[in-house]
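S.K.: could you look at this predicted model? Sequence included:
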Amino acid sequence: MCGRYASSASPQDLMEEFEVDDLFDGLPGPDYNVAPTVQVPAIFERRVKDSGEVRRRLAPLVWGLVPSDVARASRRSSLSSSIGPMAAGS
């Protein structure tokens, strides 16, 4: 089962609501059916090492979860499928 949600706030609204300092280009527009693996606007909060100042930025983030065992399995299968044609041709 995959979870979905709506993302309808504009970047300007998010910047005002969360007092964002930096805005990244390429933010996705409103989406009323956000599915896993789709980019969504996200707010990141970081402390600047030198000054200790806390800054917030609005940037795209890919939403979703890939369990670690699935990620390992997909790497193995892509490796074996890329080696297979070479082994068959020799």
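M.R.: Good, I have the coordinates. For clarity, every value in this text was computed on a predicted model and none was experimentally measured. Residues are numbered from 1 along each chain as shown.

S.K.: which element is residue 13 on?
M.R.: helix 11-18 (DSSP states H and E).

S.K.: quick one: low-confidence parts of this protein?
M.R.: Counting by pLDDT under 70, the chain contains low-confidence residues at 1-2, 66, 71-90.

S.K.: quick one, strands of it?
M.R.: 5-7, 22-23, 31-34, 38-47, 54-63 (DSSP state E).

S.K.: by how many degrees do the helix holding residue 13 and strand 38-47 diverge?
M.R.: On the basis of axes from the mean of the first three to the mean of the last three CA atoms, to 10 degrees, helix 11-18 is oriented at 40 degrees to strand 38-47.

S.K.: in helix 11-18, what counts as buried?
M.R.: Within helix 11-18, the residues that qualify as buried by neighbour count (16 or more other CB atoms under 10 Å) are 14-15. Every C-beta, even on glycine, is put in place using the N, C-alpha and C of the backbone.

S.K.: chain center to it, what's the gap?
M.R.: Distance of helix 11-18 from the chain centroid (CA atoms, centre = their mean, to the nearest Å) equals 19 Å.

S.K.: gap between the nearest residue to residue 43 once chain neighbours are set aside and residue 59?
M.R.: Of all residues not flanking residue 43 in the chain, residue 18 sits nearest, at 5.2 Å (CB to CB, 6 or more residues apart in numbering). Going from residue 18 to residue 59 by CB to CB, to the nearest Å gives 13 Å.
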